[in-house]
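Participant: Everything below, folded, please.
(chains A and B)
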Amino acid sequence: MRPDLDIIQHWIRPGSRVLDLGCGDGSLLEYLKIHKDVSEIGLEISPENIQQCLGRGVNVIEQDLNKSLANFKDKSFDTVLLTQTLQAVSYPDVLIDEMLRIGKNCIVTFPNFGHWRARLYLTTKGRMPVSNFMPYQWYNTPNIHFCTVRDFDVLCREKQIKVISRTVVDHLHQGRWTIKLWPNMLGETAIYHISR
Amino acid sequence: MPRPIPENSVGIVAPQCLRFDEPLELRSGKQIDGYELMIETYGELNAARSNAVLICHALSGDHHAAGYHSEDDSKPGWWDTCIGPGKPIDTNRFFVVSLNNLGGCAGSTGPSSMNPATGKFYGPDFPVVTVRDWVKSQARLADRLGIQQWAAVIGGSLGGMQVMRWAISYPERLRHAVIIAAAPKLSAQNIAFNEVARQSITADPNFHEGRYLEFGTYPKKGVMLARMVGHITYLSDSAMRDKFGKEAESPNSATISGNFGRDLRTGQLSFGLNVDFQVESYLHYQGERFSERFDANTYLLMTKALDYFDPTVDYEGSLSKAFEKSNCRFLLMSFSSDWRFPPERSREIVNALLDAGKQVSYLEIEADQGHDAFLLPVPRYMDALRTYLQRVSDEVNA
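Facilitator: Next comes the predicted model:
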């Protein structure tokens, strides 16, 4: 299990209804279904991932996050998840508004572009950072909307989004005290629990 | 029949005819006093009677869904691609039940049966049956077979509508609903095509107000026309191009590539009203073959059942309200090039299920074959059905 997912599960209420936007192979929802008895729906567009979801017995709907989510009613889910997908969508701000409309609370995780390694890469090489964590070139990356922890904080403030909880972890997914001190510098993955 | 029989075929199968004497109250207010249903079953019912799967057929289908009736049978049942040992609807795991719906013409009581009250063919006197009536008769069939709950009810097109009706009317009697290439109700365009088909039949001079059997004749031309219109709506533009755009019989093959599905049958224009293009002879052939096996009155009934289907009528027009009591999990699939029941129609069902807070999965399969794709072995479709049903089987055989 991806360690950021391990953190998320503590924020999910047992027996709740969960919507996972870009649910991938369905492993998170499968875990939540087994351990938290959630009633789950995942949205996904990759046929391979959808097939995996079916194999796991996870409910999955073929739907593109970049198109409308208007088919989901206001507050129809307890929790809406968006894990490591924010940076790949066309209109992250619109999607976050939609999540907050559909879910009573939402969890968003994204790679922090403000991490010192990304900053160092750009400063010393003058080129877009490429790493194990972000292995793509600028022209072929699916990640089209990178942001930093500070950027996301600003977005939440501007949109008057309530941050219930924020955890920032490094690549070992540990939240050491140094990270708590300099999250935007030392954190590789940001995990936000938000609501309206 | 291919020899030897393929390992994944159910082989030679024998239909059974079941008699039901309890009158069936119909949606229209009429009733059928007694009736017979033709069925076929494949695979074994387990001791817990929990592995039964019901197959609901579409407009022109019947009980013969898989296998062969005899060694000389040239074609297998209509869904043989899907049903058999090791196939997506795996007869090693499931007890599969398929029937000819009431009003059909493959052995179940219908317009071409004898009316015991008059000693004549029912013909046009056979009452209009609806999807709801069919599902009611299917529930009685389940009772007869000792099946309290289906592991899954599966159907495509009009068959998918029966699956929806099962989930609404008998929520406790199915664990899974598999609804393929269906619609929550017909569009005006769908009904329009059906009306053209019906007019073709009723305008045939041999129709005799539906009493053609008494006159010893048959509205063959009308049924052919109806099928030709229907068939066009089952195929996509690109499926037709593929079918008729590559292998022209014309010796002058250099001109073929730019022909876009307009290939000539003989290579020369007739400059008359003869059949010039392959698609014309194809449609004639399809219509001809269909008219040899299908009853005209049944065709009229089936298209009416389609037109009338609207599960929201008892629920203030709300599909999500209709599904409120449904207790099964749902799998829906649609096909990208289907313009008869396009993906948007399946999404309407999916959205109603989401509104009702149900467990639903939905796949939009990329396929060029139009509505027909639901009967074809499209790889992604087959994989999804197989994987989903494997889990169903694990669940009910556990």
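Participant: which residue is nearest the middle of chain B?
Facilitator: The residue lying closest to the centre of chain B (CA atoms, centre = their mean) is B:Ala58, at 1.3 Å.
Participant: Looks like that one contacts B:Ser157 (just checking).
Facilitator: Yes: here B:Ala58 lies in contact with B:Ser157, judged by CB atoms under 8 Å, at a distance of 4.0 Å. Placement of C-beta: from N, CA and C, glycine included.
Participant: Per-residue pLDDT of the residue of the stretch 51-200 of chain B found nearest chain A, please?
Facilitator: Of the residues in the stretch 51-200 of chain B, the one nearest chain A is B:His176, at a distance of 11.1 Å by CB to the nearest CB. The model reports B:His176 with a pLDDT of 98.
Participant: And A:Gly24, by the same measure?
Facilitator: Listed pLDDT for A:Gly24 reads 96.
Participant: Using CSV, write out every CA atom in stretch B:152-164.
Facilitator: Output of stretch B:152-164 as CSV, limited to C-alpha atoms (Å, rounded to 0.1, in the frame of the first residue of the first chain):
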residue,chain,number,x,y,z
ALA,B,152,-27.0,-12.5,-11.7
VAL,B,153,-29.6,-11.5,-14.3
ILE,B,154,-27.9,-10.5,-17.5
GLY,B,155,-29.2,-8.9,-20.7
GLY,B,156,-28.4,-6.7,-23.6
SER,B,157,-30.6,-4.1,-25.3
LEU,B,158,-34.3,-5.1,-24.6
GLY,B,159,-32.7,-7.8,-22.4
GLY,B,160,-31.0,-5.1,-20.3
MET,B,161,-34.4,-3.5,-19.8
GLN,B,162,-35.7,-6.8,-18.3
VAL,B,163,-32.7,-6.8,-16.0
MET,B,164,-33.6,-3.3,-14.8
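Participant: Get me the contact residues on chain A for chain B.
Facilitator: Applying the criterion CB under 8 Å from any CB of the partner chain, the portion of chain A that neighbours chain B consists of A:17, A:39, A:41, A:47, A:50-51, A:53-55, A:57, A:59-63, A:71-73, A:76.
Participant: Now the buried members of those.
Facilitator: Of the members of the residues of chain A next to chain B, the ones counted as buried by neighbours, 16 or more other CB atoms under 10 Å in any protein chain shown, are A:17, A:39, A:41, A:47, A:50-51, A:53-55, A:57, A:59-63, A:71-72, A:76.
Participant: Mind checking which of the residues you listed land in strands?
Facilitator: Secondary structure assignment (DSSP state E) places A:Arg17, A:Ser39, A:Ile41, A:Val60, A:Ile61, A:Glu62 from these within strands.
Participant: Need those residues in CSV (columns: pLDDT).
Facilitator: Written out in CSV, the entries for those read as follows (pLDDT from 0 to 100):
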residue, pLDDT
A:Arg17, 98
A:Ser39, 97
A:Ile41, 98
A:Val60, 98
A:Ile61, 98
A:Glu62, 98
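Participant: which SS class is the residue nearest to A:Ile61 when sequence neighbours are not counted?
Facilitator: Residue nearest to A:Ile61 in three dimensions, not counting chain neighbours: B:Tyr362, with 4.6 Å by CB to CB, 6 or more residues apart in numbering or on different chains. Here B:Tyr362 is strand, with the state taken from DSSP: H, G, I helix; E, B strand; the rest coil.
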